[in-house]
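Asks: got a predicted structure here, sequence first:
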Amino acid sequence: MTLDRLVCANCAAPVSQGRCPVCRANRERLRQEGPFAGLNPMALIALLVVLVAAALALVAQQTA
């Protein structure tokens, strides 16, 4: 989930703005989860398909 879509239940502001301590803590937690934490499942599936296609193309080129 991305920060721009989250709304804090404590202060009702977007978490990306970090208005209260709860927002700031959640913003830091989401940033520490890694580079792929902000991607939605469809983007991850698309990335996986592209990687598999690239691997298959490389294998086909090596055998030809």
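Replies: Great, that's in hand.
Asks: show me what counts as buried in the lengthiest helix in the chain.
Replies: Counting residues, the longest helix in the chain under DSSP state H turns out to be helix 41-63. Buried residues in helix 41-63, counted by 16 or more other CB atoms under 10 Å: none are found. C-betas here are computed from N, CA, C, even on glycine.
Asks: may I have that helix exported as CSV, CA atoms only?
Replies: Taking C-alpha atoms only, helix 41-63 is exported to CSV below (Å, rounded to 0.1, in the frame of the first residue of the first chain):
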residue,chain,number,x,y,z
PRO,A,41,-0.2,-7.0,-6.6
MET,A,42,-0.9,-6.3,-10.3
ALA,A,43,2.4,-4.4,-10.7
LEU,A,44,4.2,-7.3,-9.0
ILE,A,45,2.6,-9.8,-11.3
ALA,A,46,3.5,-7.7,-14.4
LEU,A,47,7.1,-7.4,-13.2
LEU,A,48,7.2,-11.2,-12.7
VAL,A,49,5.9,-11.7,-16.3
VAL,A,50,8.5,-9.4,-17.7
LEU,A,51,11.3,-11.2,-15.9
VAL,A,52,10.1,-14.6,-17.0
ALA,A,53,9.8,-13.4,-20.6
ALA,A,54,13.3,-12.0,-20.5
ALA,A,55,14.7,-15.2,-19.1
LEU,A,56,12.9,-17.2,-21.8
ALA,A,57,14.3,-14.9,-24.5
LEU,A,58,17.8,-15.3,-23.1
VAL,A,59,17.5,-19.1,-23.0
ALA,A,60,16.1,-19.1,-26.6
GLN,A,61,19.0,-16.9,-27.8
GLN,A,62,21.6,-19.2,-26.1
THR,A,63,20.2,-22.4,-27.7
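Asks: now that helix: average pLDDT?
Replies: Averaging pLDDT along helix 41-63 gives 93.
Asks: distance from it to the middle of the chain?
Replies: 19 Å (CA atoms, centre = their mean, to the nearest Å).
Asks: tell me what it is packed against?
Replies: With contacts defined as 3 or more CB pairs under 8 Å, 6 or more residues apart in numbering; DSSP states H and E, helix 41-63 has no helix or strand neighbours.
Asks: separation between the nearest residue to residue 4 once chain neighbours are set aside and residue 28?
Replies: In this structure, residue 4 finds its nearest non-sequential neighbour in residue 16, 5.4 Å apart by CB to CB, 6 or more residues apart in numbering. To residue 28, residue 16 is 12 Å away according to CB to CB, to the nearest Å.
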